[in-house]
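Colleague: Predicted model follows, preceded by the sequence.
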Amino acid sequence: MTSQLSAGTGPHTPTPVPQLRSLTIKRPAMSEHGLLDYATRDDSLMWARRGEGVIGFGQIARFESTGPERFALARDWWNGVTAAAGIEDPLELPGTGLIAFGAFAFSFSSTYASRMIVPKIVVGKDENCSWITYTVTDPEAELSLEAAEAELAMLLDDYSAEHELGAGVDRLVTGQITEAEYMDSVRKGVAAIESGQVTKLVLARDAVAELATPIAVAQVLRQLALRYADCWTYSVDGLIGATPEMLVRVRGDIAEARVLAGTLDRASAPAGDSSYAHRMLVEDEKQRHEHQLAIDSLTEQLGPLASGMDAPAEPFVLQLPNVWHLASDVKASLAHRSDGSVPSALDLAEVFHPTAAVCGTPTKEAGRILRELEGMDRGPYAGPVGWVDTRGNGEFGIALRGGVIESPTSIRLYAGCGIVAASDPASELAESWAKMRPMREALSI
Ligand SMILES: C=C(O[C@@H]1C=C(C(=O)O)C=C[C@H]1O)C(=O)O
């Protein structure tokens, strides 16, 4: 059953807004693996770090949009869904009640449809408790803990993904551009910087992993989550990965972001040199400059929306299994608007996207140049991926260190590098490979 409410305006056909009823109930404590115990289906939605987060099963509502208005249309739709929904949520925590997972295209010109998906069942966990949210459209459907648990048990038990042995061999093939073309685009990027058009440009490339057997998505996600414990492991409708970069997290009126820029391949580190990362990142002028540009772009946009902001003067070194990054955690108190509300995680994802860390500086000009130089559609790579609840809480990471599943046996991986005047094409190519390593390892390719 749908109401007469419709989402958005403009060239898009209005998507009917479903009338949802949802019930959230606290659940008993989970095992030490937390949510990972529930990451067994290849088709589930996921946002998790250190066993906490949200996993979604099934799809009760969905919205798609493209173009420059993709965020605004998604927001209108979500506001409509929220207004029409009957939500029973005694917990009222970030992530409880009705939530939607979202994945957004990097560019307004992408053919990738940005999407919001409301799961039928969500299992969630934070530092204090676990919960289940059950959502139905049928006005006659029973909304109870028993019905929710029965459906969850059925989804988890009945599912055994078929990953039969195939005939081919696993291989990695050239994506939309070759390695030589990538290095050429880096050269052109450096020239654009030297001519003063931009100060920084992020240039990306892709590679397609073709597997002999269907991708064991749940297994890949569990591996990423265990190995990349400092990252947020995500899975939204075929977009999967583990990102170290938090575009924005909103809890009540607090917004937080983890800004990364400045990378060092750990495979390049000389053995026994414990000060290597500090010297090559914290004490390196090029890396610090690149990092500062990323911080400035965030704080400039956050400033007008905040009543207070804490941006550390010195970045720290984030150590991941594949690379080291220069990282800064920025925290702000959001300014209340005249109606008392604060911007939602989805509002802020739109404001901050694309950051200098994945696009360049100044953003608009860098975006124009990268579309021209990259020669590929980034799809959802480097776009916001995460979830939002009906109170505006949510988490959107930047969809990095991942890929898009294009068929049961193929996945397109993406990686990019920040280019500044001192960048060297061969080093940037090597860095892009280092950034694809987590997915290649998880896929065993
Ligand atoms: C663009 C990517 O990563 C971004 C670029 C970085 C850099 O150039 O140093 C570091 C972290 C990310 O902000 C990617 O992983 O594809």
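Modeller: Alright, I've got the coordinates. Numbers count the residues shown, from 1 in each chain.
Colleague: Name the nearest residue to residue 303, sequence neighbours excluded.
Modeller: residue 309 (6.7 Å; C-beta to C-beta, 6 or more residues apart in numbering). Glycine gets a C-beta too; all of them are placed from N, C-alpha and C.
Colleague: From what I see, that neighbour and residue 299 are in contact.
Modeller: Yes. Contact criterion C-beta atoms under 8 Å: residue 309 and residue 299 qualify, at 6.7 Å.
Colleague: Common neighbours of the two, please.
Modeller: residue 330 (C-beta atoms under 8 Å, 6 or more residues apart in numbering).
Colleague: Please give the number of neighbouring residues around residue 199.
Modeller: Taking other C-beta atoms under 10 Å as the neighbour definition, residue 199 ends up with a count of 17.
Colleague: And for residue 407?
Modeller: 11.
Colleague: can you tell me which residues contact it?
Modeller: Contacts of residue 407 (C-beta under 8 Å, 6+ apart): none.
Colleague: all strands for the stretch 151-300 of the chain, in order.
Modeller: According to DSSP state E, counting those that start in this stretch, the stretch 151-300 of the chain carries its strands in the segments 171-174, 200-210, 232-236, 239-243, 246-251, 254-265.
Colleague: mind listing the helices in this protein by residue range?
Modeller: For the chain, the helices defined by DSSP state H occupy 70-84, 145-157, 179-194, 217-227, 276-277, 285-302, 345-352, 363-374, 425-443.
Colleague: Nearest to residue 329 among those helices would be which one?
Modeller: Closest to residue 329 of these, according to C-beta to C-beta: helix 285-302, at 10.6 Å.
Colleague: which bits of the chain sit near the ligand?
Modeller: Within reach of the ligand by C-beta under 6 Å from any ligand atom, the chain has these residues: 202, 204, 245, 260-263, 325, 357-358, 400-401, 415-418, 435.
Colleague: picking that back up, can I get the helices of the chain in a markdown table with distance to residue 103 and mean neighbour count?
Modeller: Shown next, in a markdown table, are those (distance: least, C-beta to C-beta, whole Å; neighbours: other C-beta atoms under 10 Å):
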| stretch | distance to residue 103 | mean neighbour count |
| --- | --- | --- |
| helix 70-84 | 10 | 21 |
| helix 145-157 | 21 | 15 |
| helix 179-194 | 24 | 19 |
| helix 217-227 | 15 | 21 |
| helix 276-277 | 32 | 18 |
| helix 285-302 | 21 | 19 |
| helix 345-352 | 11 | 23 |
| helix 363-374 | 19 | 19 |
| helix 425-443 | 16 | 20 |
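Colleague: Kindly present these as TSV, with separate columns for mean pLDDT.
Modeller: Below are the helices of the chain laid out as TSV (pLDDT from 0 to 100):
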stretch	mean pLDDT
helix 70-84	97
helix 145-157	93
helix 179-194	97
helix 217-227	97
helix 276-277	94
helix 285-302	90
helix 345-352	97
helix 363-374	95
helix 425-443	96
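Colleague: what would those helices look like in a markdown table with distance to residue 15?
Modeller: As requested, these are exported to a markdown table (distance: least, C-beta to C-beta, whole Å):
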| stretch | distance to residue 15 |
| --- | --- |
| helix 70-84 | 6 |
| helix 145-157 | 25 |
| helix 179-194 | 37 |
| helix 217-227 | 27 |
| helix 276-277 | 48 |
| helix 285-302 | 29 |
| helix 345-352 | 16 |
| helix 363-374 | 27 |
| helix 425-443 | 32 |
